[in-house]
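Visitor: got a predicted structure here, sequence first:
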Amino acid sequence: MLSAHEFATLMLVSQSPEQVDMNRAELDALLERQLVMLERSAEGHRHRARLTDTGRSVLRALNRVDRHERATPGPACHEAD
């Protein structure tokens, strides 16, 4: 299971890969789980994190769960009169 920091890093790689600190421990965990991969920049000097197909699948599943939870009403609350 991914930690909250690992999920946040996965989302950051998806939305703003240029802002990912390449020295983050969470990035190592995502690389180990093959959710992200490193690719060289066009200049060949820097690496950039990129989602793998598995990483994209994890985020899609998380998005479906989030949408389902927001659409499902919680238990009815009754105020005492």
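Guide: Yep, it's here. Numbering: from 1, shown residues only.

Visitor: quick one: residue 62 from residue 71, how far?
Guide: 15 Å (C-beta to C-beta, to the nearest Å). In this view, the C-beta of every residue, glycine as well, is placed from N, C-alpha and C.

Visitor: between these two, who's got more neighbours?
Guide: Higher neighbour count among residue 62 and residue 71: residue 62, with 14 against 7, using other C-beta atoms under 10 Å.

Visitor: wait, the more buried one sits on residue 6?
Guide: No. Taking contacts as C-beta atoms under 8 Å, residue 62 lies outside contact range of residue 6: 11.7 Å.

Visitor: please determine how far residue 10 is located from residue 1.
Guide: Between residue 10 and residue 1 the computed distance is 13 Å (C-beta to C-beta).

Visitor: give me the more crowded residue out of these two.
Guide: residue 10 (26 against 4).

Visitor: helix/strand/coil for that one?
Guide: helix (DSSP: H, G, I helix; E, B strand; the rest coil).

Visitor: that one: what's it in contact with?
Guide: 2, 30, 35, 36, 51, 55, 58, 59 (C-beta atoms under 8 Å, 6 or more residues apart in numbering).

Visitor: from the residues you listed, which ones fall inside helices?
Guide: With DSSP state H as the criterion, helices contain 30, 55, 58, 59 from among these.

Visitor: number of residues surrounding the first one?
Guide: Pointing back at residue 30 there. Residue 30: 24 neighbours (other C-beta under 10 Å).

Visitor: for the second one, same thing?
Guide: Burial of residue 55, expressed as a neighbour count using other C-beta under 10 Å, amounts to 20.

Visitor: quick one: contacts for the closest residue to it other than its chain neighbours?
Guide: Closest residue to residue 55 apart from its sequence neighbours, by C-beta to C-beta, 6 or more residues apart in numbering: residue 35 at 3.7 Å. Neighbouring residues of residue 35 by C-beta under 8 Å, 6+ apart: 10, 51, 52, 54, 55, 58.
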